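**Student:** whatever this is, show me its structure:
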Amino acid sequence: MAREYPLEKYRNIGVIAHIDAGKTTTTERILFYTGKTYRVGSVDEGTTVTDWMDQERERGITIVSAAVTAEWKGYRINLIDTPGHIDFTAEVQRSLRVLDGGVVVFDATQGVEPQSETVWRQADKYNVPRICFINKMDRTGASYHDSVESIRNRLGANPIEMQIPIGSEGNFSGVIDILKQKAYSWEDELGINMIEFDIPADKVEEAQAAREQLVEYIAGLDDDLTNCFLEGEELTNEMLIAGLRRAVIAGKCNPCYCGSSLKNKGVQLLLDAVVDLLPSPLDIPPTKGTSLDGSKEIWLKPDDSAPVGSLVFKIVTDPYVGRLAYFRVYSGTVKQGQMLLNPVKGKKERIGRLIRMYADRRDDVDEVYAGDIAAVLGLKDTFTGDTLCDPHHPVVLESITFPEPVISVAIEPKTLADQEKIGLALQKLSEEDPTFRVRTDENTGQTIISGMGELHLAIIVDRLMREFRVRANVGKERVAYKETIRKAVEKHSYKYAKQTGGHGQFAHVVLTVEPIDANLGVQFENQIVGGVIPKEYIPAVEKGVREAAESGVLGGYPVTGIRVSLVDGSFHEVDSSEMAFKLAGSICLKECLELADPVLLEPIMKVEITIPEEYLGDVLGQISSRRGEIRGTDIHGGNSQIVHSMVPLGEMFGYATTLRSATQGRGVFAMEYDHYQAVSDATAQKILNI
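**Tutor:** Below is the predicted model of the structure:
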């Protein structure tokens with residue numbers, strides 16, 4: 001089967017934004033105008049294509065990123081609609097990892113919002129070229145120019161105004177394309193017929209001045225255009241678009257467009273910009289991988305005939321077809337029935353059914369070419385972030401790193417039948433979502449589930465009950481505290497000796513434990529020389545140490561930020577065993593932690609609160625009473641203030657209600673995990689006594 005579209009006509013893009021900026025509505029319009037749907041879906045009515053889960057439709061938010069494929073003017077667009085809520089930030093992260101370009105949607109009444117900054121930073125991390133769409137131009141208080149300036153000032157970006165809006169707020173009726181010097185409007189209700197006309201007389205002067213400025217600006221971004229401009233050569237629109245495209249791909253600028261997706265205005269011109277300015281797989285640098293031992297760099301080019309190199313970026317448990325793995329092919333051609341290697345796990349996987357996804361609908365395909373995104377059924381050992389490659393040309397692509405969960409709840413099945421189902425259901429959900437963790441509390445025997453926020457866990461529990469038919473009792477939310485140490489313990493010795501009938505048990509270890517950066521987890525170093533402990537027992541000591549570190553000595557919380565060195569010990573020719581050394585390592589570490597001045601760590605959240613100015617004093621007082629630290633305030637849109645603060649997560653439960661009460665329902669806040677911080681002894685005492 002031949003490739004349907006040449007590679008230069010592929011666009012792998014993501015729609016990213018703050019919650020409620022209009023990502024899903026914009027995606028729906030893209031699908032409608034590209035002929036993929038025959039009616040316009042509505043978030044409010046729960047009829048959208050990409051928000052297909054019951055939980056998404058009920059809440060009117062995007063929870064999982066949905067992949068869809070569309071065609072526009074001879075180009076194939078693989079589009080991923082991502083969530084805007086901070087609890088589902090991992091969905092954005094893994095989507096950006098495999099995309100070539102992005103459309104960042106902003107609310108014209110708000111400009112840059114807290115989550116806009118987060119997704120922008122994530123796109124920076126993966127060097128994703130972006131264009132901007134200023135949405136909701138028909139809303140009261142909308143300002144295209146102010147939104148562009150907020151992108152410049154708050155994101156440190158280089159936005160370029162490509163259009164001039166015609167009319168404002170409720171009278172917004174169309175746009176002027178500054179380069180083409182043409183005006184566009186949408187008269188019919190569905191916005192299908194885009195009407196091109198001459199610029200209105202009262203806007204001609206402004207549009208001409210804007211074009212001169214824009215031409216000069218674009219010329220300054222590209223060396224070829226700069227030379228032509230300085231020599232007085234006439235720069236055509238084609239030359240300017242080509243130069244602007246090179247600048248966008250190089251990350252030098254972010255062209256800005258405007259419209260109102262809900263009112264069906266401006267989306268076709270945005271699609272033109274996606275095709276004209278965002279990169280194809282051929283335009284981005286080759287993807288870097290490494291050899292199996294990590295010693296050699298391997299570069300994957302988007303070539304159909306090259307050995308296969310692909311990255312699995314998402315696992316979904318589909319109730320109808322089973323376990324789906326979404327993947328991006330960086331080189332080669334993936335075919336049905338092919339055997340590929342997962343070099344991370346050292347396992348081979350047979351490629352079963354290949355599917356081109358359309359949100360929750362599926363089209364079967366026989367082959368997936370370089371530069372394309374698809375899904376495969378039936379992989380057993382492959383998870384998010386794993387590489388699939390040609391067994392004869394192994395390559396390991398950089399995996400995807402995810403933030404640690406910060407909030408936990410205990411969950412218990414209601415009946416014995418539910419107990420059997422809950423284990424399988426939780427396993428499937430944790431395979432899907434790398435920020436969702438499941439563990440058993442050794443002290444209570446309870447199953448503890450952890451996630452990124454209250455909403456994240458509420459959705460997980462809802463899915464357990466609906467999709468997997470598990471009835472369960474859910475406990476109160478708990479903060480995912482951790483423990484670390486404040487001082488080093490040198491050469492602490494522990495001897496494990498048990499004498500029973502027959503063989504005894506003997507192991508002797510000497511550990512040194514020292515504090516390191518809390519983000520580095522638990523590091524183990526083997527410093528044994530001269531064979532005082534045989535090599536085969538060293539992994540058992542490390543296993544014992546790591547198991548002991550899962551439950552600290554203060555409150556049973558996981559230990560982080562320690563370096564454990566095995567420096568000495570001894571063994572018995574007959575009585576020593578792996579089990580004895582594992583127990584010795586475990587007990588020795590517990591004793592070291594007791595001596596090392598242990599301290600509790602709590603997650604600190606970056607909290608941004610937007611409120612009318614008259615409530616500023618009350619809100620600052622609330623933050624201080626919750627052990628928060630005020631980092632500053634900004635004026636936003638005239639009468640509003642944004643308060644930047646750092647607040648412990650444990651103090652943020654129920655804050656939404658408190659804020660609404662204090663501001664007559666006019667205050668909103670957004671928060672995201674920032675770092676772990678040591679708790680004062682007095683506060684630790686309170687936490688441990690709860």
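**Student:** for the residue nearest to Leu262 when sequence neighbours are not counted, helix, strand, or coil?
**Tutor:** On the basis of Cβ to Cβ, 6 or more residues apart in numbering, the spatially nearest residue to Leu262 that is not a chain neighbour turns out to be Thr25, at 5.5 Å. For every residue, glycine as well, the C-beta is placed using N, CA and C. Three-state assignment for Thr25 (DSSP: H, G, I helix; E, B strand; the rest coil): helix.
**Student:** ok, Thr25 - how many residues close by?
**Tutor:** By other Cβ atoms under 10 Å, 27 other residues sit near Thr25.
**Student:** quick check: it touching Ser261?
**Tutor:** Yes. Counting by Cβ atoms under 8 Å, Thr25 does reach Ser261; the two are 4.4 Å apart.
**Student:** now the common contact residues for these two.
**Tutor:** Asn135 (Cβ atoms under 8 Å, 6 or more residues apart in numbering).
**Student:** show me what contacts the closest residue to Lys380 other than its chain neighbours?
**Tutor:** Among residues not flanking Lys380 along the chain, Glu349 sits closest, at 6.9 Å (Cβ to Cβ, 6+ apart). Remark: with contacts taken as Cβ under 8 Å, 6+ apart, Glu349 is in contact with 339-342, 379-382, 388.
**Student:** mind running it again at 10 Å?
**Tutor:** By Cβ atoms under 10 Å, 6 or more residues apart in numbering, the contact set of Glu349 is 312, 325, 338-342, 376, 378-382, 386, 388.
**Student:** lowest pLDDT pick from these?
**Tutor:** pLDDT across the contacts of Glu349 is at its lowest for Gly378, which sits at 76.
**Student:** touching, that residue and Ala325? I think so.
**Tutor:** Yes. Using Cβ atoms under 10 Å, Gly378 is in contact with Ala325, at 8.7 Å.
**Student:** neighbour-wise, which of these two wins?
**Tutor:** Neighbours per residue, other Cβ under 10 Å: of Gly378 and Ala325, the larger number sits with Ala325, 23 against 14.
**Student:** secondary structure class for the more buried one?
**Tutor:** Counting by three-state DSSP, the backbone at Ala325 sits in strand.
**Student:** state the distance from it to Leu388.
**Tutor:** With distances taken as Cβ to Cβ, to the nearest Å, Ala325 is found 9 Å from Leu388.
**Student:** what do those two both touch?
**Tutor:** Each of 312, 349, 351, 376, 379, 382 lies in contact with both Ala325 and Leu388 under the rule Cβ under 10 Å, 6+ apart.
**Student:** now the two most distant members of those residues.
**Tutor:** Of all pairs drawn from those, the greatest distance, 11.8 Å, lies between Val312 and Ile351 (Cβ to Cβ).
**Student:** neighbour-wise, which of those two wins?
**Tutor:** When neighbours are counted by other Cβ under 10 Å, Val312 and Ile351 differ, and Val312 comes out ahead with 27 against 21.
**Student:** that one: which element?
**Tutor:** Val312 is located in strand 309-318, with elements delineated by DSSP states H and E.
**Student:** how far away from the center of its chain is that strand?
**Tutor:** Here strand 309-318 is found 14 Å from its chain centre; the criterion is Cα atoms, centre = their mean, to the nearest Å.
**Student:** can you list the strands that that strand pairs with?
**Tutor:** Counting by DSSP bridges, the strands paired with strand 309-318 are strand 322-331 (antiparallel), strand 387-389 (antiparallel).
**Student:** who's Cys389 bridged to?
**Tutor:** When assigned by DSSP bridges, Cys389 has beta-bridge partners Gly309, Leu341.
**Student:** just curious, which of the contacts of Glu349 is nearest to Gly504?
**Tutor:** Lowest distance from Gly504 to these (Cβ to Cβ) belongs to Asp381, with 40.0 Å.
**Student:** related to what we said a few turns ago, and the pLDDT for the residue nearest to Leu262?
**Tutor:** Predicted confidence (pLDDT) at Thr25: the value is 82.
**Student:** that one touches Phe133, doesn't it?
**Tutor:** No. Under the criterion of Cβ under 10 Å, Thr25 makes no contact with Phe133, lying 11.1 Å away.
**Student:** which neighbours do these two share?
**Tutor:** Taking Cβ under 10 Å, 6+ apart as the contact criterion, the residues that touch both Thr25 and Phe133 are 15, 105, 261, 267.
**Student:** among these, name the ones in helices.
**Tutor:** Here DSSP state H is the test, and those give Val267 as lying in helices.
**Student:** quick check, nearest of the shared contacts of Thr25 and Phe133 to Ser280?
**Tutor:** Distance ranking of these against Ser280, using Cβ to Cβ, places Val15 first at 18.0 Å.
**Student:** so how many other residues sit close to that closest one?
**Tutor:** Here the number of neighbours of Val15 (other Cβ under 10 Å) works out to 26.
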